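**Student:** coords please:
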Amino acid sequence: MILTCGLSPAWQHILVADGLSPGEVNRASEVYWCASGKVLNAASAIAHLGGKGRVVSVLGGARGADVQREFEGWEVETSWVDCAAPTRVCTTMIDSSTGSATELVENAGALSTSELACFRQACAEGAGEADLILAMGSLPPGVPADIFAEILAATPARAVLDIRGPELLQAVSAGAFLVKPNRQELEWTLGREFADEAAVLEGMRELNERGAEWVVVSQGAGPVLVTSAGVSARALPLPVEVVNSIGCGDCMAGAIALALDEGQEPLAAISYGIAAAADNLTRVLMGRLDRRRGEELAAEGKTEAIPIG
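**Tutor:** Presented below is the predicted three-dimensional model:
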């Protein structure tokens, strides 16, 4: 069983228009609402791919209630912590003529000491039954950077992390099996920009040296890079029609966690995660994936070794 946990869920407003003109009135041809944010995108991906899991997060206000109602229709256990701050609303504007997506992100609200304690308790209870921990997303203001490291230290379960910054570095030191930042998040975490692929790989190996067994870095439309002890590889992008690029990395993390939980070897699990991200790219709603399509795309994937210098 997978425990997916995170503190920055969202209720997503998606507007689709045939062409977007900044500074002018734009009319949407399609409008959608759905649960989102990294933690919920990953949990949604796992549920739609047939995985068994529990999600732990914080919800508040009317939009938090909307999230709860949507998850009631899926086969996933939930542990929602009620909070005073309303669940944030993020907005995606999709230009269907180009396939480009513009994201307006609302920051998560602060949590009280008691709310954070309830989240910790829910994670501890879920971790006791979990075979794998999936930690997702950024931290609201005031949350200590060691919160995910605390969760990992209290359980023997393997951990997959899609987090960034000080919380990533502390969780890696606590013993993460696999981490999956994107290139920008890795730059932000290590405090430097990468001029080329060699520099990215150097930064990834730094995380390996700090304790991460596997490091996976997505680069938008570019190749996905993978490092581990004695392994350095480049997975080529899968050619699919782009509908909505939001949430692809989250779906990759969720699918990797699911494949690992089902017993796949790391490289095979990573290939499945890349396929899930490609499937998500073809859909308007994030994380609403199809297992058969993911397996078909995984079979098309190509990975090439990178010489270790």
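
**Student:** Hmm, residue 108 and residue 115 touching each other?
**Tutor:** No - with contact defined as CB atoms under 8 Å, residue 115 does not reach residue 108; the gap is 11.9 Å. Using the backbone N, CA and C atoms, a C-beta is placed for each residue, glycine as well.

**Student:** what residues do the two have in common as contacts?
**Tutor:** Taking CB atoms under 8 Å, 6 or more residues apart in numbering as the contact rule, residue 115 and residue 108 touch no residue in common.

**Student:** how about the nearest residue to the most centrally placed residue in the chain, chain neighbours excluded?
**Tutor:** Centroid check for the chain by CA atoms, centre = their mean gives residue 250 as the closest residue, at 2.5 Å. Leaving aside its chain neighbours, residue 250 sits nearest to residue 41 (3.6 Å; criterion: CB to CB, 6 or more residues apart in numbering).

**Student:** now swap in residue 97 and tell me
**Tutor:** Nearest residue to residue 97, sequence neighbours excluded (CB to CB, 6+ apart): residue 19, at 4.8 Å.

**Student:** wait, what's in contact with residue 163?
**Tutor:** 135, 136, 137, 138, 148, 171, 179, 181.

**Student:** and the first one, what are its bridge partners?
**Tutor:** Meaning residue 135. residue 5, residue 161 (DSSP bridges).

**Student:** for residue 53, same thing?
**Tutor:** In beta-bridge terms (that is, DSSP bridges), residue 53 pairs with residue 2.

**Student:** and it, what does it touch?
**Tutor:** With CB under 8 Å, 6+ apart, residue 53 has these contacts: 1, 2, 3, 4, 43, 46, 47, 76, 77.

**Student:** before we move on, back to that, who has more neighbours, residue 115 and residue 108?
**Tutor:** residue 108 (23 against 19; other CB atoms under 10 Å).

**Student:** distance between the ends of stretch 279-291?
**Tutor:** Chord length of stretch 279-291, first to last residue, is 9 Å (CA to CA, to the nearest Å).

**Student:** Now do the strands in the protein.
**Tutor:** 2-5, 10-17, 30-36, 53-59, 77-82, 88-95, 100-104, 132-136, 158-162, 178-179, 214-217, 224-228, 231-235, 303-305 (DSSP state E).

**Student:** The third one packs against which elements?
**Tutor:** Contact partners of strand 30-36 among helices and strands, from 3 or more CB pairs under 8 Å, 6 or more residues apart in numbering; DSSP states H and E: strand 10-17, helix 61-72.

**Student:** and the angle for the shortest one with helix 61-72?
**Tutor:** Regarding strand 10-17 and helix 61-72, their directions subtend 90 degrees when assessed with axes from the mean of the first three to the mean of the last three CA atoms, to 10 degrees.

**Student:** Can you check what angle separates strand 10-17 from strand 88-95?
**Tutor:** 20 degrees.

**Student:** Pull up the pairing partners for strand 10-17, direction included.
**Tutor:** By DSSP bridges, strand 10-17 pairs with strand 30-36 (antiparallel), strand 88-95 (parallel).

**Student:** Among those, which comes closest to residue 209?
**Tutor:** strand 30-36 (33.9 Å; CB to CB).

**Student:** that older thread, the strands of the chain into a markdown table, with extra columns for distance to residue 119 and mean pLDDT?
**Tutor:** Output for these, formatted as a markdown table (distance: least, CB to CB, whole Å; pLDDT from 0 to 100):
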| stretch | distance to residue 119 | mean pLDDT |
| --- | --- | --- |
| strand 2-5 | 8 | 97 |
| strand 10-17 | 16 | 96 |
| strand 30-36 | 18 | 96 |
| strand 53-59 | 6 | 97 |
| strand 77-82 | 5 | 96 |
| strand 88-95 | 16 | 95 |
| strand 100-104 | 25 | 91 |
| strand 132-136 | 12 | 97 |
| strand 158-162 | 17 | 96 |
| strand 178-179 | 21 | 97 |
| strand 214-217 | 26 | 97 |
| strand 224-228 | 31 | 96 |
| strand 231-235 | 34 | 94 |
| strand 303-305 | 37 | 89 |
